[in-house]
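Asks: no sequence on hand, only this structure:
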């Protein structure tokens with residue numbers, strides 16, 4: 001029991017540190033590595049919840065396949081001297097701290113409002129099928145089909161958007177023009 005509690009705090013700290021690394025690191029490659037560490041920490045948290053299949057799927061699908069896609073996209077986009085956005089951060093500087101304060105207050109109200117009384121308890125009784133491939137497949141193909149497909153569509157859009165941005169940053173959009181080299 002003590003080992004599980006220590007592992008929970010280590011994995012929780014790893015998940016938070018990985019998420020902060022994704023948001024704060026400037027190098028895209030290191031940001032992807034921080035996302036991998038975040039996803040692995042989440043897999044450990046799934047193991048602590050006795051959701052073995054979810055933990056394995058988290059590592060294989062997200063920390064494995066999707067992260068390989070992200071690494072290829074980051075390698076394709078590369079490091080260019082042209083910035084992706086203007087250097088004028090007027091709105092970000094003005095509303096960034098307000099947004100951070102709003103998110104902090106929301107999380108604070110959620111934690112305090114949850115009445116933390118359930119921390120010392122045993123937790124809810126769950127069905128024996130909880131976390132099994134059958135139960136997850138049933139939920140993904142019935143109740144959560146639309147969000148599941150929307151997430152896969154967003155991943156596809158992100159990859160296509162990265163390729164389009166890479167072409168614009170490197171000046172490759174002129175090659176497709178009728179008078180370009182390829183035409």
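Replies: Ah, there it is. Small disclaimer: the values here were computed from a predicted structure and weren't measured. Numbering: from 1, shown residues only.
Asks: next, please give the residue ranges for the helices of the protein.
Replies: Using DSSP state H, the helices found in the chain span residues 2-24, 28-48, 52-57, 67-77, 90-113, 133-141, 145-169.
Asks: dump the ones you listed into a markdown table; add mean pLDDT, distance to residue 125 and mean neighbour count as well.
Replies: No exception for glycine: its C-beta is placed from N, CA and C like everyone else's. As requested, the helices of the chain are exported to a markdown table (pLDDT from 0 to 100; distance: least, CB to CB, whole Å; neighbours: other CB atoms under 10 Å):
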| stretch | mean pLDDT | distance to residue 125 | mean neighbour count |
| --- | --- | --- | --- |
| helix 2-24 | 91 | 18 | 13 |
| helix 28-48 | 89 | 17 | 19 |
| helix 52-57 | 85 | 18 | 17 |
| helix 67-77 | 74 | 35 | 16 |
| helix 90-113 | 83 | 24 | 10 |
| helix 133-141 | 86 | 15 | 13 |
| helix 145-169 | 83 | 27 | 12 |
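Asks: who wins for proximity to residue 122 among those helices?
Replies: For those, the distance to residue 122 is smallest for helix 2-24, at 13.2 Å, taking CB to CB.
Asks: which residues touch stretch 34-49?
Replies: 4, 7-8, 10-12, 14-15, 17-22, 25, 52, 54-56, 58-59, 62-63, 67, 70, 131 (CB atoms under 8 Å, 6 or more residues apart in numbering).
Asks: actually stretch 127-140, not the one I wrote
Replies: The contact list for stretch 127-140, computed with CB under 8 Å, 6+ apart, reads 46, 49, 50, 51, 52, 53, 54, 57, 148.
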